[in-house]
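Asker: Give the three-dimensional model of this entry:
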Amino acid sequence: MKVGETFLYSDLDGPLHLWFVVAPGATPEEFLCVNMTTIRKSVPFDPTCVVSPHEHPFASEQSYIFYRAARILSDTDLKTAVAANR
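Answerer: Have a look, this model is predicted:
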């Protein structure tokens with residue numbers, strides 16, 4: 001994958017989220033990735049990057065980029081996620 005690409009991924013059998021590859025990792029086989037998560041009234045969220053439904057086709061509700069849940073994923077992890085969620 002390359003910086004700027006997106007994919008669907010689920011952590012620990014949770015719901016699928018749209019993830020963004022935002023930066024290369026420490027090695028050529030790693031990437032820093034963040035996800036877009038729906039805003040819930042009962043859950044505090046980081047308002048730094050809120051995404052409205054009209055701003056991205058995947059956002060059906062007000063969402064935000066969940067920087068605190070950023071992950072470093074290997075190229076193998078990314079390929080597996082993409083293949084599983086086509």
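Asker: Please count neighbours and contacts with C-alpha atoms only from this point.
Answerer: OK.
Asker: which stretches of the chain form strands?
Answerer: Applying DSSP state E to the chain gives strands spanning 6-9, 17-24, 30-38, 50-51, 63-65, 71-74.
Asker: ranking those strands by mean pLDDT, which is last?
Answerer: The weakest mean pLDDT among the strands of the chain belongs to strand 6-9, with a mean of 87.
Asker: That one: partners in the sheet, and parallel or antiparallel?
Answerer: Strand 6-9 has these partner strands in its sheet, going by DSSP bridges: strand 17-24 (antiparallel).
Asker: Now that we're looking at D11, what pLDDT does it have?
Answerer: Residue-level pLDDT assigned to D11 equals 69.
Asker: would TSV of the strands of the chain with distance to P44 and mean neighbour count be doable?
Answerer: Putting the strands of the chain into TSV (distance: least, CA to CA, whole Å; neighbours: other CA atoms under 10 Å) gives the following:
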stretch	distance to P44	mean neighbour count
strand 6-9	22	19
strand 17-24	18	18
strand 30-38	11	21
strand 50-51	13	20
strand 63-65	11	22
strand 71-74	20	16
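Asker: want to try TSV for those, with distance to T80 as columns?
Answerer: Formatted as TSV, the entries for the strands of the chain read as follows, by distance: least, CA to CA, whole Å:
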stretch	distance to T80
strand 6-9	9
strand 17-24	14
strand 30-38	14
strand 50-51	27
strand 63-65	22
strand 71-74	10
